[in-house]
Each structure stands twice: as C-alpha cells, then as structure tokens.
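**Student:** Quick one: sequence plus predicted model below, questions after.
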Amino acid sequence: MKIAILTNDSLPAKYFVGKLLQMNNGTIDIYIEKKKKKKNHISLFTSIKKELKRYKRFFTKQYSLSDIEILMECRARKRYFPDFKNVIQSVKMPKCPVNIHSKEFLNRIEASSYDIIILFGTSIVGQSLISLPKVGMLNIHSSLLPYYKGTMPEFWQLYFQDYAYCGVTIHYVENSVDTGNILLQKSIQVEDKDTFYDLRYKNILAAIELIPDAIKLAKEGNKGKVQENVTQEVFRFSMITDEKKKVLYRRLGWRV
C-alpha cells in the first residue's frame with residue numbers, strides 16, 4: 001500500500017505527520033503545500049507606541065488577540081501533546097514546499113502511483129488531483145460532518161456554543177467542500193473554557209487514533225456512508241472577524 005500525505009508546515013501538522021510515520025514505519029511520502037505570499041503591509045504603529053502597548057498589557061493584563069492566541073496554542077500543546085518535542089524532532093519534513101495545484105505536481109503524483117492520498121490542512125484540491133490515487137483520497141475534517149463544513153469549524157462550534165458536532169471525520173474527497181462519503185467519525189468531549197486550540201488538538205489525537213482503521217477500510221474497498229443533506233453554510237476563514245474573536249475570547253475569560 002503506497003500512501004502520501006499532503007499537509008502544511010504548521011507545528012500541529014508536523015506532529016500529526018510524525019505520529020503517522022511512527023505507525024507506518026516511515027513509509028508514507030510527505031508533501032508540504034506552498035503558502036501564498038502575504039502582502040507586505042506597512043506597520044501602523046511606531047516602536048514607541050508598541051512599547052506603550054506592551055507596558056499597558058503588563059499592568060492591566062489586557063492582551064491583544066495575537067497574544068491570546070499564542071497563549072492558547074502553547075497551553076493546548078503542552079496539555080495534549082506531551083511528547084511533542086520528541087515527535088517533531090523525529091520528523092524530516094520536506095525542505096521544498098510544492099504547489100499542489102500545478103501541472104508539475106500533478107505529473108509527479110501520477111508518476112508515483114499512490115494507492116491513498118491523505119489531506120491534512122491543505123487548500124481545496126481539484127478533480128485532477130482527486131482522481132489520481134488508485135484507492136481514493138481521504139480528508140481529515142475537524143467536525144462531525146455533514147455539520148460545520150469548511151474552515152476552522154472548531155471556532156464556530158465554540159462561537160455558537162454548539163457542541164453536538166465537535167469531533168473529527170475521515171471522509172473521501174469529492175470535487176466540492178467536505179461532501180464525500182464518511183469512513184469514520186469520533187466525537188470529542190468539550191470542557192468548560194475550552195479554546196479553539198483545545199478542540200483542534202483533541203481532534204488531532206482522535207484523527208491519529210482513527211487513521212489506521214480508515215486506511216484499512218479504504219484498502220478493503222469500503223466506500224463509506226453517504227452524508228446526510230443538511231442546510232448549513234460552508235464556513236470560510238474570512239468570516240472570522242476580530243469582533244467575533246473578541247466576543248468568544250471575552251466569554252472564555254480573557255480581557256481583550
């Protein structure tokens with residue numbers, strides 16, 4: 001069984017890949033998606049104003065959104081990934097990111113003749129790539145589909161306080177967002193004051209638990225379960241505004 005994973009270069013992705021390699025004796029090929037270049041915006045604040053804000057945070061304990069998110073992420077990583085450092089150090093990630101939408105990459109994947117391709121945190125892929133693996137392409141999605149399709153579902157589950165669909169789904173990929181047949185799902189427990197990162201890291205641990213069985217089912221020809229048709233919008237990253245973040249973070253007890 002020849003397997004590849006397409007992912008990003010974030011620390012949670014590296015951890016997931018590391019655990020996956022441990023379970024498969026390092027036999028999975030890894031591809032890192034090349035990020036789009038961000039616009040080089042000119043800073044709106046002088047260094048003096050930055051210093052004043054830093055001292056304000058020190059005395060008032062009022063944090064910026066980025067401060068809060070860094071603290072949330074560090075706390076969640078320490079809590080859920082106690083072996084994080086060892087796993088990350090054991091992973092040799094590719095040094096050259098790839099454009100997963102390019103003809104060159106499609107030719108490379110076609111020549112490699114993979115049985116299964118696993119997606120973890122990539123942009124939306126096209127049919128030309130979806131059709132290449134012989135058994136199928138699997139995606140790891142952080143909600144119990146068909147609910148909360150799209151980007152960062154954990155944020156919206158917390159924002160709407162809708163915990164019934166918190167969990168992870170491993171499903172076949174179709175040429176539309178998060179609509180393919182479901183292979184496996186696992187719900188997670190949501191605790192008081194859980195943040196986006198708490199839910200995301202719980203989902204990663206659940207996905208690590210499920211992925212061997214998902215690969216086995218796909219190899220055996222299991223086509224999964226067709227998703228129910230529900231009425232709910234597909235969430236996009238651009239829908240998460242600073243104001244929505246403030247509403248959620250204040251509810252979680254942060255002064256922002």
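**Tutor:** Done, it's in.
**Student:** from here on, contacts and neighbour counts on C-alpha atoms
**Tutor:** Will do.
**Student:** Can you give me the distance of L210 to L20?
**Tutor:** 11 Å (CA to CA, to the nearest Å).
**Student:** So in this structure, which helix runs the longest?
**Tutor:** Longest helix in the chain, counting residues (DSSP state H): helix 196-219.
**Student:** Which other helices and strands does that helix contact?
**Tutor:** helix 11-23, helix 65-80, helix 153-159, strand 167-172, strand 182-187 (3 or more CA pairs under 8 Å, 6 or more residues apart in numbering; DSSP states H and E).
**Student:** Send me the helix or strand that comes right after the second one as PDB with only the CA atoms.
**Tutor:** When you say that, I think you mean helix 65-80. Sequence order places helix 84-90 as the next helix or strand after helix 65-80, per DSSP states H and E. Output of helix 84-90 as PDB, limited to C-alpha atoms (Å, rounded to 0.1, in the frame of the first residue of the first chain):
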ATOM      1  CA  PHE A  84       5.600  17.000  21.100                       C
ATOM      2  CA  LYS A  85       9.300  17.800  21.200                       C
ATOM      3  CA  ASN A  86      10.400  14.200  20.600                       C
ATOM      4  CA  VAL A  87       7.900  13.600  17.800                       C
ATOM      5  CA  ILE A  88       8.800  16.900  16.000                       C
ATOM      6  CA  GLN A  89      12.500  16.200  16.200                       C
ATOM      7  CA  SER A  90      12.000  12.700  14.700                       C
END
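**Student:** Give me the mean pLDDT for the helix or strand following helix 84-90.
**Tutor:** Next along the chain after helix 84-90, taking DSSP H and E as the criterion, comes helix 103-112. Across helix 103-112, pLDDT averages out at 96.
**Student:** now do stretch 213-227
**Tutor:** In the prediction, stretch 213-227 has an average pLDDT of 96.
**Student:** Identify each buried residue in it, please.
**Tutor:** Of all the residues in stretch 213-227, those buried under the rule 16 or more other CA atoms under 10 Å are A214, I215, A218, K219, K223, G224.
**Student:** hang on, the earlier thing: any chance of the helices and strands packed on helix 196-219 in CSV, plus mean neighbour count, distance to S90 and mean pLDDT?
**Tutor:** Below are these laid out as CSV (neighbours: other CA atoms under 10 Å; distance: least, CA to CA, whole Å; pLDDT from 0 to 100):
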stretch, mean neighbour count, distance to S90, mean pLDDT
helix 11-23, 19, 7, 92
helix 65-80, 14, 17, 93
helix 153-159, 21, 28, 97
strand 167-172, 27, 25, 98
strand 182-187, 20, 27, 98
